[in-house]
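# could you work out the structure for the sequence below:
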Amino acid sequence: MGLLIGWAIAQPVSLNQLSGNECWSVGQGPGGPSSFLCINVARGGTANLATTVTGNMTIGAPLLAGGNLLVTAQPSAATVTLPPSPIPDGAIVGYCNVTGAAFTTAVVTFAANANQTLAQAATLTTLAAGTCAREQWNQAAATWYRVQ
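Predicted structure coming up:
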């Protein structure tokens with residue numbers, strides 16, 4: 001009878017940072033509906049996209065399920081169209097001034113996407129430094145509500 005000697009070698013962990021885009025399929029019990037759960041929700045974070053706004057734009061990936069559009073320079077006049085449906089109920093989309101100065105002259109407005117409505121007028125003519133304007137999606141009413 002021979003003697004078997006083996007060594008166990010652990011694999012090193014090379015990825016120790018999350019991008020916020022990692023998602024897993026989750027279900028509600030056997031046979032229940034499933035959807036995706038992304039790490040930014042599990043860790044209490046929010047997806048974000050740092051950008052300059054140079055004209056009309058539609059909010060897209062990575063903010064399709066909510067998050068903050070981090071605006072890095074005062075834009076000229078623009079219409080920012082909220083994400084298209086389907087949107088998770090309760091998703092919040094923010095338009096944030098991440099500069100060190102207030103936006104004072106830009107005429108920027110939120111607009112609802114197809115088959116959606118805005119409950120309040122959403123003109124962002126001025127926005128203080130370090131602040132956000134946020135809209136929250138209500139699925140039952142297919143409406144965006146201003147929450148900040």
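# CA atoms for contacts and neighbours, from now on please.
Noted.
# from Ala142, how far off is Val107?
26 Å (Cα to Cα, to the nearest Å).
# swap in Gly29?
In terms of Cα to Cα, Gly29 sits 28 Å off from Ala142.
# now do Ala61
On the measure of Cα to Cα, Ala61 and Ala142 end up 20 Å apart.
# of the two, which one has the most company?
Ala142 (17 against 13; other Cα atoms under 10 Å).
# for that one, which residues are in contact?
Asn115, Gln116, Thr117 (Cα atoms under 8 Å, 6 or more residues apart in numbering).
# go again with 10 Å.
Ser85, Pro86, Ile87, Asp89, Ala112, Asn115, Gln116, Thr117, Leu118 (Cα atoms under 10 Å, 6 or more residues apart in numbering).
# again, but for Tyr145
Ile92, Thr117, Leu118, Ala119, Gln120, Ala121, Ala122, Arg134, Glu135, Gln136, Trp137, Asn138.
# can you list phi and psi of Thr105 for me?
Main-chain dihedrals, Thr105, degrees, to the nearest 10: phi -130, psi -10.
# verify the contact between it and Leu127 for me.
Yes: in this structure, Thr105 is within contact of Leu127 by Cα atoms under 10 Å, at 9.4 Å.
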